[in-house]
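Engineer: model this:
(chains A and B)
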Amino acid sequence: DTEVTQTPKHLVMGMTNKKSLKCEQHMGHRAMYWYKQKAKKPPELMFVYSYEKLSINESVPSRFSPECPNSSLLNLHLHALQPEDSALYLCASSLGLYSNQPQHFGDGTRLSIL
Amino acid sequence: ELKVEQNPLFLSMQEGKNYTIYCNYSTTSDRLYWYRQDPGKSLESLFVLLSNGAVKQEGRLMASLDTKARLSTLHITAAVHDLSATYFCAVDPLMEYGNKLVFGAGTILRVKS
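Structural biologist: Have a look, this model is predicted:
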């Protein structure tokens, strides 16, 4: 079991649907991250939050909308996705934005766009 | 732009053999991380290397960092089947906006009996 919890584990949605991915950690970490991972590829950073404020947006299309309601919770809102957005979406957290401690990853949400 | 290169990308090993995975990166950094990923699973942190000459060992795995050569190695000793997984190195380029990992392509390790 990982200390970063992601729900749902699997999600199938149509291109016109709106859905959200949820990530939760209770380790007192103040930095949280969203990554996208395609099959047999490394994770690619999408967004970074620090103290509930968006710190980095890696030029992600606006159909992905992140939200950090509090220091333990990170959401990723999805709307009008494309088939190429099908991937494993990983959430991670770390002590802080400048911490040298490793990021802790959740098990991910496997997203399929029909 | 920071580039992180791993090789080999695929490694098929016999049980009991030794081998090394290499991770080269293109800009100055003294923060390097090794992660393991099993199929369909999360990334598990293996090692954190934070200075030139750092060496960490856990079981049959040993990682080292040479910041002058911009090279990290992950050495596998007497491989066992349980080590089969994908291994990623990741470098933190220490940008002013904080911890941002750039991953290598990953090495798929298969240990055969």
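
Engineer: from here on, contacts and neighbour counts on C-alpha atoms
Structural biologist: Noted.

Engineer: got the phi/psi numbers for whichever residue of chain A sits closest to chain B?
Structural biologist: Proximity of chain A to chain B (CA to the nearest CA) peaks at residue A:107, 4.3 Å away. Dihedral angles of residue A:107 (phi, psi; degrees, to the nearest 10) stand at phi -80, psi -10.

Engineer: who touches it in this structure?
Structural biologist: Residues near residue A:107 by CA atoms under 8 Å, 6 or more residues apart in numbering or on different chains: A:2, A:4-6, A:9, A:90-91, B:41-43.

Engineer: closest to residue A:34 out of those?
Structural biologist: residue A:91 (4.7 Å; CA to CA).

Engineer: three-state assignment of that closest one?
Structural biologist: strand (DSSP: H, G, I helix; E, B strand; the rest coil).

Engineer: just give the nearest non-adjacent residue to the residue in chain B that chain A sits nearest to, would you?
Structural biologist: Proximity of chain B to chain A (CA to the nearest CA) peaks at residue B:42, 4.3 Å away. Among residues not flanking residue B:42 along the chain, residue A:107 sits closest, at 4.3 Å (CA to CA, 6 or more residues apart in numbering or on different chains).

Engineer: so what's the one you found scoring on pLDDT?
Structural biologist: In the prediction, the pLDDT value recorded for residue A:107 is 94.

Engineer: and for the one 4 residues further on?
Structural biologist: Confidence per residue is given as pLDDT, and for residue A:111 that number is 97.

Engineer: so, low pLDDT: which residues of the chain?
Structural biologist: I went with chain A, as the question did not name one. Low-confidence segments of chain A, defined by pLDDT under 70: A:1-2.

Engineer: please refer instead to chain B.
Structural biologist: B:95-99.

Engineer: got the residues of it near chain A?
Structural biologist: B:31, B:33, B:41-45, B:48, B:50, B:88, B:97-106 (CA under 8 Å from any CA of the partner chain).

Engineer: now, the residues you listed that are in helices?
Structural biologist: Residues of the residues of chain B next to chain A located in helices (DSSP state H): none.

Engineer: contact partners for residue A:20?
Structural biologist: A:75-78.

Engineer: 10 Å instead, please
Structural biologist: A:7-8, A:11, A:64-66, A:75-79 (CA atoms under 10 Å, 6 or more residues apart in numbering or on different chains).

Engineer: for the residue most central in space within chain A, which non-adjacent residue is spatially closest?
Structural biologist: Nearest residue to the geometric centre of chain A (CA atoms, centre = their mean): residue A:34, 3.1 Å. Of all residues not flanking residue A:34 in the chain, residue A:91 sits nearest, at 4.7 Å (CA to CA, 6+ apart).

Engineer: that neighbour touches residue A:66, doesn't it?
Structural biologist: No - with contacts counted by CA atoms under 10 Å, residue A:91 stays clear of residue A:66, the gap being 11.4 Å.

Engineer: between those two, which one's more packed in?
Structural biologist: residue A:91 (33 against 22; other CA atoms under 10 Å in any protein chain shown).
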